[in-house]
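Asker: Below are the sequence and a predicted model; questions follow.
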Amino acid sequence: MGLPFSYLGLEVGGNPRKKKFWDPVLNKLKARLNVWKGWFLSMAGRICLIKSVLTSTPLYYLFLFRAPVVVCKSITRIQRRFLWGWGKEKESILWVSWKALCKSREDGGLGLRDIRMFNSALLAKWRWRLTVEEKGRWKDLLVSKYGSSSEIVHSPVKIQSWWWRDLHKVCGEGEGDRWFLKEVGWKTGCGDKVMFWEDVWIGNSSLKALYPRLYSVSLNQGHKVSEVGE
C-alpha cells in the first residue's frame, strides 16, 4: 500500500507539520461541537461536552505528534465558539478570556485544557516512559536507532527523525531551557543506568554543568556511574 495510509484512525506517512494532516481531527471536533447542539445545553453542559470531546477525539493525534500553532488556535476557536455561541453562527462576545477559563477551579477557572500545553504534556510523557519503562517494542525501536536510553538524549541531530526533534523541542532540549531534565533526578541504585557526567544523580545539577572544564578533559564521558568507580 502507498503512503500515506490510515491505521487505527491515524494517518501514517503524512506530514504533521501541515494543517491538512490535522483536517480529520478538526472535522470531528466541528461535528461534535456544532453550535446548534449548544442550543439544548446549559453552560455547565457545554463545558462538560468540551472536556469529554477534547479528551477523546484528538487525543491519539496529540499524543503522537506536535500540533502546529495554527491547528491549536483552530481547536481553541471551535471550543470557544461552542461555549459562547448560544446558537449563533457568527462570532459571539467572549465574556472571559480563554486563558482564564483554562485555569484550575481552585484558581478561579473552569479546568478547560490549553491545547498547546496539553499537547506538550502528552509528548513529554514519551520521554518519561523512555526513562522509566524497562521494556516495550516502541522503546526497542528507538534504542536500535539512537542507542541506549541514556545515549538517546544526546544523539546527534543529523540522525534524528522529525518526530524525535519535536520531542526534544517540547522538552526544552537543544537550545531550550531543558526543563524536563531539570525536573528529573535519578536514584542511583547499582549505577548501571545513570550517566556519571550527564545525568542528575547527586545534588540538583549534573556534574557536567558543575565542572565543565573537568568534563572537557575527562576520558569517561558517556560512561555510567557503575563504570567509573566502586
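Answerer: Cool, the structure landed.

Asker: Counting neighbours, which bits of stretch 116-128 end up buried?
Answerer: Residues 116, 118, 119, 120, 122, 123, 124, 126, 127 are the ones in stretch 116-128 that count as buried (16 or more other CB atoms under 10 Å). From N, CA and C alone the C-beta is placed, and that goes for glycine too.

Asker: so residue 15, which of the three states?
Answerer: Under DSSP: H, G, I helix; E, B strand; the rest coil, residue 15 falls in the coil class.

Asker: from memory residue 126 sits against residue 167, does it?
Answerer: Yes - between residue 126 and residue 167 a contact is recorded at 6.1 Å, counting by CB atoms under 8 Å.

Asker: Surely residue 124 and residue 173 touch.
Answerer: No - with contact defined as CB under 8 Å, residue 124 does not reach residue 173; the gap is 10.7 Å.

Asker: Overlap in contacts, the two.
Answerer: residue 180 (CB atoms under 8 Å, 6 or more residues apart in numbering).

Asker: name the element residue 11 belongs to?
Answerer: strand 10-12 (DSSP states H and E).

Asker: what about that strand, distance to the chain center?
Answerer: 18 Å (CA atoms, centre = their mean, to the nearest Å).

Asker: contacts for it?
Answerer: Contacts of strand 10-12 (CB under 8 Å, 6+ apart): 3, 4, 5, 6, 21, 24, 60, 61, 64.

Asker: can you pull the buried residues of it?
Answerer: Result for strand 10-12 [16+ other CB under 10 Å]: buried residues residue 11.

Asker: Check stretch 190-201 too.
Answerer: 191, 193, 194, 195, 196, 197, 198, 199, 200, 201.

Asker: Next: stretch 64-77.
Answerer: Going by 16+ other CB under 10 Å, stretch 64-77 has these buried residues: 65, 66, 67, 71, 72, 74, 75, 76.

Asker: List the ones among those residues that fall in helices.
Answerer: 71, 72, 74, 75, 76 (DSSP state H).

Asker: so the third one touches residue 23, yeah?
Answerer: Meaning residue 74. No - Residue 74 is beyond contact range of residue 23, at 9.9 Å (criterion: CB under 8 Å).

Asker: which strands and helices sit next to the longest helix seen in the chain?
Answerer: When the chain is parsed with DSSP H, its longest helix is helix 115-132. With contacts taken as 3 or more CB pairs under 8 Å, 6 or more residues apart in numbering; DSSP states H and E, helix 115-132 sits against helix 59-64, helix 69-84, helix 137-146, helix 149-153, helix 162-170.
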